[in-house]
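Colleague: return atomic coordinates for the entry below.
(2 chains)
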Amino acid sequence: MNVLDEVVSDQLRTDLPELASGDTVRVSAKVVEGNRERIQVFEGTVMRMRGGGITRSITVRRVASGVGVERTFKVNSPRIEKIEVVRHGVARRAQLYFLRDRVGKAATLRERRSRS
Amino acid sequence: MGRIAAMSIGLIGRKVGMTQVFQDDGTMVAVSVLEVQPNTVTRLRTTARDGYTAVQLGTDETRTLTRPEAGQLKDLPKLKTIHEFRLDSVDEFTVGQKLDVSLFEAGEIVDVTGVSKGKNFAGHIKRHHFKRGPKTHGSDHHREPGSIGPGTTPGRVYKGMRMAGHMGDQRITIKKLRVVRADAERNLLLVKGSLPGARNALIFVRKV
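Modeller: Numbers count the residues shown, from 1 in each chain, chains lettered A, B, ... in the order given. Got it, this is the predicted structure:
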């Protein structure tokens, strides 16, 4: 194995589900409030996937009380408790920036049919 | 004798490349990976004999050495790369001793020295960050350096004028880099930030 891959290999996470752009996910991230730590859940559509290996990140978008909120997570980060895929959406590109211009039902993606 | 800046022990390594790692607090940091095979102490310089004190380290075992080189090393392993680190005292070292990355620990500050990538003959824009002229609108001043000084008085160009010329391939020291991880098992040292030179370049890492 390449030395650089070896260096990060023990930090790569294998416990996460397969993610794809357009999926609706529920990300449980650890946040520090004052001096105590709690888990914050963020649910939304995977709008952007970037990078590979240890640097892989996803940007999750949701509309919360009429305001669009986007959060970027490093997928392999130890600060992420778990990621659940709620729904597979159909997306034909990795970056779904067009979702930013859409509101309501237009911002939803068709559900992907299982390949079975 | 005046005190020189580099007065601490270090190691000889080679640059592997860059990557990113997560730290204990969950933040990510860009690191350079150095391969530091255990260095052998090949000689001790003492004031009585050599007029200065230093530890000479060697690494990179090889099969062929010239006879003068082999004579210097005597019964030590055949080492290709030799470098001296000047110290105030060499009492704690002995010839033949091995030093590895466990010399460093995470969080420590180090200085690194290497030779930067050569950029050949570079123009003033690349070499000195000059601004370029307009590309269009009748401009004939595309990548010109502009004025390089006064005219008849003094009738010459001042020394040190920034102009085009050879860039890179210079000995560069980067100070105050933080050690992120010292992996004695794999002989790897991870430092935050970038290092001079290409992959496989020789790098000296020194304690501050």
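Colleague: please name the nearest non-neighbouring residue to the residue in chain A that chain B sits nearest to.
Modeller: Proximity to chain B, evaluated over chain A using CB to the nearest CB, is greatest for residue A:79 at 3.8 Å. (Each C-beta comes from the backbone N, C-alpha and C, glycine too.) Spatial nearest neighbour of residue A:79, chain neighbours left out: residue B:26 (3.8 Å); criterion: CB to CB, 6 or more residues apart in numbering or on different chains.
Colleague: same check on residue B:204?
Modeller: residue B:113 (4.5 Å).
Colleague: and the residue of chain A closest to chain B, how far is that from residue B:59?
Modeller: 38 Å (CB to CB, to the nearest Å).
Colleague: the more surrounded of the two?
Modeller: residue B:59 (22 against 15; other CB atoms under 10 Å in any protein chain shown).
Colleague: for that one, give the beta-bridge partners.
Modeller: Beta bridges link residue B:59 to residue B:81 when assigned by DSSP bridges.
Colleague: that one and residue A:78, how far apart?
Modeller: Residue B:59 sits 34 Å away from residue A:78, taking CB to CB as the criterion.
Colleague: so how far is stretch A:64-84 off the chain centroid?
Modeller: 6 Å (CA atoms, centre = their mean, to the nearest Å).
Colleague: the residue of chain B found nearest chain A: neighbour count?
Modeller: For chain B, the residue closest to chain A is residue B:26, as judged by CB to the nearest CB, at 3.8 Å. Residue B:26 has 14 neighbours, counted by other CB under 10 Å.
Colleague: can you classify it as helix, strand or coil?
Modeller: coil (DSSP: H, G, I helix; E, B strand; the rest coil).
Colleague: which of the residues in the helix ranked longest in chain B are buried?
Modeller: Secondary structure of chain B per DSSP state H: the longest helix is helix B:67-73. Using 16 or more other CB atoms under 10 Å in any protein chain shown as the test for burial, helix B:67-73 gives B:72, B:73.
Colleague: please list the residues of chain A that sit near chain B.
Modeller: By CB under 8 Å from any CB of the partner chain, the residues of chain A that approach chain B are A:3-4, A:6-8, A:11, A:30, A:54-55, A:74, A:76-79.
Colleague: report all helices and strands that the lengthiest strand in chain A contacts.
Modeller: Longest strand in chain A by number of residues, with DSSP state E as the criterion: strand A:36-50. With contacts taken as 3 or more CB pairs under 8 Å, 6 or more residues apart in numbering or on different chains; DSSP states H and E, strand A:36-50 sits against strand A:24-33, strand A:57-64, strand A:67-74.
Colleague: return the list of strands paired to the last one, each annotated with direction.
Modeller: Sheet pairing for strand A:67-74, assigned by DSSP bridges, gives strand A:57-64 (antiparallel).
Colleague: give me the residues contacting the partner strand.
Modeller: Contact partners of strand A:57-64, identified using CB atoms under 8 Å, 6 or more residues apart in numbering or on different chains, comprise A:19, A:25, A:27, A:42-51, A:68-75, A:99-100, A:103, A:107.
Colleague: next one: that strand to chain centre, how far?
Modeller: Centre to centre, stretch against its chain (CA atoms, centre = their mean), the figure for strand A:57-64 is 7 Å.
Colleague: what's the angle between it and strand A:36-50?
Modeller: Angle of strand A:57-64 versus strand A:36-50, following axes from the mean of the first three to the mean of the last three CA atoms, to 10 degrees, is 110 degrees.
Colleague: write out the residues of chain B neighbouring chain A.
Modeller: So chain B meets chain A at B:16-22, B:26, B:28, B:33, B:35, B:183, B:186, B:188, B:190 (CB under 8 Å from any CB).
Colleague: among these, which two are most distant?
Modeller: B:26 and B:35 (27.2 Å; CB to CB).
Colleague: tell me if I'm right that the residue of chain B closest to chain A and residue A:31 touch.
Modeller: No - at 10.3 Å, residue B:26 does not count as touching residue A:31 under the criterion of CB atoms under 8 Å.
Colleague: what about residue B:111, which SS state?
Modeller: Residue B:111 is classified as strand under three-state DSSP.
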